[in-house]
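A.B. asks: Give me coordinates for this.
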Amino acid sequence: MEINVSTVIWVLIGAALVYFMQAGFALCEAGLTRAKNAGNILMKNMMDFCIGTPCFWLVGFGLMFSGTGALIGHLDPMIKGTYTAANSVVPSTIPLWCYAIFQTVFCATAATIVSGSMAERTNFKAYCIYSAVISLFVYPISGHWIWGGGWLYQLGFHDFAGSTCVHMVGGAIACLGAWMLGPRIGKYDKDGHARAIPGHNLTACALGVFILWFCWFGFNGASTVAMDGAEAAETASLVFFNTNLAAATSTFAVMVFTWIRYGKPDVSMTLNGALAGLVAITAPCDCVSPFGSFVIGLVAGILVVLSVEFFDNKAKIDDPVGAVSVHGANGIFGTIAVGLFSTGADGVGKGLFYGGGFHQLGVQLLGVAAVLVYVLAVMFIAFKLIDKTVGLRVPAQVEIGGLDLHEHGLASAYSGFAISDVTNMTMDVNENTDLGEESYEAADEFRKNAAVPVHRTEAPSKEFDTGMYKVSIICRLSKFDALKQALNELGVTGMTMTQVMGCGVQKGTTERYRGAVVDATLLPKVKVEVVISTITVDAVIEATRKTLYTGHVGDGKIFVFNVARVVKVRTGEENAAALADVE
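C.D. replies: Have a look, this model is predicted:
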């Protein structure tokens, strides 16, 4: 058969889109982990592609597509063999190198899934080694069974674009690796309860999800590996529509489900929901109706939330980005969904819900089980060997200090930016005080007339009193402009403002991040400092209290310090003279 130019262009554009998924994965994983490990995550997402590409060229492609044996293809180093309809399933309508690059980017996707679940504590050398193992042996052999003419292919197992071949394989390895590594330091308290470790950049994560969603049209759409006629165009169009519908439905389902379950819609979990829907529809996107796609997306959204909670709270497998739930759990579900929702289109057997009985469902279940057993067995051996040689996990001090610094000599991936890598959520609350008064005047009058008055303890006497005082005020950021104006009106024109984190009687509200309770004890505040001499301390305190008062816990505190000496750098003037242009 002659080369079809339209198909070649279609497949090459799809390959480019699938390659660009690496950028989406990098942003997602970096955003959902801490700033001190951002450079390490980016390096891993770059290197699994750059290691996987030559490995798949040298060994993997031949094992996957050379020959149609039941278990494994032939070794064909550097893809020098001849691939025809008689000895392979490589399509003859496109050049061999077109098909090779298309399959290469799929292989790299399977490898990059693993980095997220094992993030923040994996030895970089170990990561490079097991990425090579995945691309050399693991993915190609299971891929041969499914796409290369192997025994599952011959049984009629259907995985159109890789729910099992790519995503479940990556998710299963991710789960095994995260289990063997153990959780990150601080993930679980002494009672075994999961603690939230929020990612540092949800903006990057969201951008990654948008990129992945866009690229998934190439991932699924170009898997037709044909654009040479009306039938191929019809299939590709259905694939595009189903892919988008399942993703949108899953995202909406997660938003509603977490809103009901946690009291508020969870942002990072909702972003995971989009990917869950995309993974679940990847296997059946060519053989289900839009209604089937809608149901698959709905189930995928609920499944990803329950799966994240299960691995976090029951299995105690620490997966920072939810890769096991997104790719593993929904890769399995999407593959099984073929046996449930297939309409019989594209030559696939009808699913259980469309009168096809249990045959196709049984084949799908057998394929999932077989691939899981093979992948987990091989990678368990690989991880053990790596752990015994170079070490799978970094030492505790390296993990605490951050992989960027210790693994790459990178002080920060955000040089020039101020990063507050705080694992505690920072929120403000409006808990009523015992005063119960909304106005400052009413509250002050109540305090003066109270049966148990508020006592003032005078500061201990000093050997000297310079008449200069530093007043330090802790308050809400939202009150800063009003406070600045009040102090200016009082005559104070010089002040220092610092954004700080802290708590007193007021504690942060308990919220949830990806289903785990956040121990929210640090609150965002500002610290305003002024030094006065001619203005009385009482006048500053009175103006400050009147400005900051709301009648709720968290209005702030005022601290007064005696200042021994002030020197103006420019003129050398001291004390009151030095403060003359400040007040």
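A.B. asks: Where does Ala236 fall, secondary structure wise?
C.D. replies: Taking DSSP states H and E as the criterion, Ala236 maps to helix 230-262.
A.B. asks: tell me how far that helix is from the chain's mean position?
C.D. replies: Its chain's C-alpha centre and that of helix 230-262 lie 20 Å apart, by C-alpha atoms, centre = their mean, to the nearest Å.
A.B. asks: Flag every buried residue along stretch 545-553.
C.D. replies: Buried residues in stretch 545-553, counted by 16 or more other C-beta atoms under 10 Å: Arg545, Thr547, Leu548, Tyr549, Thr550, Gly551, His552. C-betas here are computed from N, CA, C, even on glycine.
A.B. asks: whoops, I mixed them up, stretch 315-334
C.D. replies: For stretch 315-334, a neighbour-count test (16+ other C-beta under 10 Å) marks 317-334 as buried.
A.B. asks: Next, the distance between the ends of it.
C.D. replies: Start and end residues of stretch 315-334 are separated by 22 Å (C-alpha to C-alpha, to the nearest Å).
A.B. asks: re earlier: quick check: next helix or strand after the helix holding Ala236?
C.D. replies: helix 267-282.
A.B. asks: by contact count, what packs against that following helix?
C.D. replies: helix 202-221, helix 230-262, helix 290-309, helix 330-341 (3 or more C-beta pairs under 8 Å, 6 or more residues apart in numbering; DSSP states H and E).
A.B. asks: which of the ones you listed sits most buried?
C.D. replies: Per residue and on average, the most neighbours among those fall to helix 330-341, with a mean of 27 (mean count of other C-beta atoms under 10 Å).
A.B. asks: where along the protein do the strands fall?
C.D. replies: Per DSSP state E, the chain carries strands over the ranges 469-475, 496-502, 511-513, 516-518, 523-532, 557-562.
A.B. asks: Out of those, which is closest to Phe137?
C.D. replies: The closest of the strands of the chain to Phe137 is strand 516-518. By C-beta to C-beta, the value is 35.6 Å.
A.B. asks: Looking at the buried residues of stretch 545-553, which is nearest Thr84?
C.D. replies: Comparing the buried residues of stretch 545-553 against Thr84 with C-beta to C-beta places His552 closest, at 77.5 Å.
A.B. asks: ok so, going back, just so I know, which of the helices and strands packed on helix 267-282 lies nearest Ile79?
C.D. replies: helix 202-221 (22.2 Å).
A.B. asks: contacting residues around the closest one?
C.D. replies: Applying C-beta atoms under 8 Å, 6 or more residues apart in numbering, the set of residues contacting helix 202-221 from outside is 13-18, 20-21, 23-32, 106, 109, 160-162, 199, 236, 239-240, 243-244, 247, 267-268, 271, 274-275, 278, 281-282, 285.
A.B. asks: how does it look with 7 Å?
C.D. replies: With C-beta atoms under 7 Å, 6 or more residues apart in numbering as the test, helix 202-221 has contacts from 13-14, 17-18, 20-21, 23-25, 27-28, 30-32, 161, 199, 236, 239-240, 243, 247, 267-268, 271, 274-275, 278, 282, 285.
A.B. asks: Mind checking which of those residues are buried?
C.D. replies: Applying 16+ other C-beta under 10 Å to the contacts of helix 202-221 flags 14, 17-18, 21, 23-25, 27-28, 30-32, 161, 199, 236, 239, 243, 247, 267-268, 271, 274-275, 278, 282, 285 as buried.
A.B. asks: correct me, but Ser307 touches Ser325?
C.D. replies: Yes. Under the criterion of C-beta atoms under 7 Å, Ser307 makes contact with Ser325 at 3.6 Å.
A.B. asks: quick revisit: make a markdown table out of the strands of the chain and add distance to Ile9, mean neighbour count and mean pLDDT.
C.D. replies: What follows is the strands of the chain, written out as a markdown table (distance: least, C-beta to C-beta, whole Å; neighbours: other C-beta atoms under 10 Å; pLDDT from 0 to 100):
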| stretch | distance to Ile9 | mean neighbour count | mean pLDDT |
| --- | --- | --- | --- |
| strand 469-475 | 62 | 19 | 92 |
| strand 496-502 | 53 | 12 | 83 |
| strand 511-513 | 44 | 18 | 73 |
| strand 516-518 | 46 | 19 | 72 |
| strand 523-532 | 52 | 20 | 88 |
| strand 557-562 | 68 | 14 | 92 |
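A.B. asks: In CSV, list those strands along with distance to Val114.
C.D. replies: Shown next, in CSV, are the strands of the chain (distance: least, C-beta to C-beta, whole Å):
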stretch, distance to Val114
strand 469-475, 45
strand 496-502, 34
strand 511-513, 23
strand 516-518, 22
strand 523-532, 36
strand 557-562, 49
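A.B. asks: Nearest to Met118, out of the ones you listed?
C.D. replies: When those are compared (using C-beta to C-beta), the closest one is strand 516-518, at 18.5 Å.
A.B. asks: What pairs with that closest one, parallel or antiparallel?
C.D. replies: With DSSP bridges as the test, strand 516-518 is paired with strand 511-513 (antiparallel).
A.B. asks: next one: the partner strand to chain centre, how far?
C.D. replies: Relative to where its chain is centred, strand 511-513 has its mean C-alpha point 15 Å off (C-alpha atoms, centre = their mean).
A.B. asks: How many residues are close by Ile101?
C.D. replies: 20 (other C-beta atoms under 10 Å).
A.B. asks: Got the confidence number for it?
C.D. replies: Ile101 is assigned 97 on the pLDDT scale.
A.B. asks: Nearest residue to it in space, please, no chain neighbours.
C.D. replies: Leaving out its chain neighbours, the residue that sits closest to Ile101 by C-beta to C-beta, 6 or more residues apart in numbering is Ala15, at 5.0 Å.
A.B. asks: now that neighbour: how far from Ser478?
C.D. replies: Distance of Ala15 to Ser478, given as C-beta to C-beta, to the nearest Å: 51 Å.
A.B. asks: Which of these two has more residues huddled nearby?
C.D. replies: Neighbours per residue (other C-beta under 10 Å) separate Ala15 from Ser478, with Ala15 holding more: 22 against 11.
A.B. asks: Contact partners for the more buried one?
C.D. replies: Ala15 sits in contact with Ile101, Phe102, Val105, where contact means C-beta under 7 Å, 6+ apart.
A.B. asks: From what I see, Met497 and Val526 are in contact.
C.D. replies: Yes. Assessed by C-beta under 7 Å, Met497 is found in contact with Val526 at 5.7 Å.
A.B. asks: where do the contact lists of the two overlap?
C.D. replies: Counting by C-beta under 7 Å, 6+ apart, the common neighbours of Met497 and Val526 are Phe480.
A.B. asks: low pLDDT regions in the stretch 251-400 of the chain?
C.D. replies: Applying pLDDT under 70 to the stretch 251-400 of the chain flags no residue at all.
A.B. asks: cool, the stretch 101-250 of the chain as well?
C.D. replies: Looking at the stretch 101-250 of the chain by pLDDT under 70, you get an empty list.
A.B. asks: Quick one: the helices in it, in order.
C.D. replies: Secondary structure of the stretch 101-250 of the chain (DSSP state H, counting those that start in this stretch): helices at 124-133, 139-147, 151-155, 169-181, 202-221, 230-262.
A.B. asks: center of this protein, which residue is that?
C.D. replies: Residue closest to the mean C-alpha point of the chain, counted by C-alpha atoms, centre = their mean, is Leu32 at 3.1 Å.
A.B. asks: residues in contact with that residue?
C.D. replies: Leu32 is in contact with Gly199, Cys205, Ser268, Pro320, Val321, counting by C-beta under 7 Å, 6+ apart.
A.B. asks: Please repeat the previous calculation with a cut-off of 10 Å.
C.D. replies: Contact analysis of Leu32 by C-beta atoms under 10 Å, 6 or more residues apart in numbering lists 41, 116, 119, 197-202, 204-205, 208, 268, 271-272, 319-323, 514.
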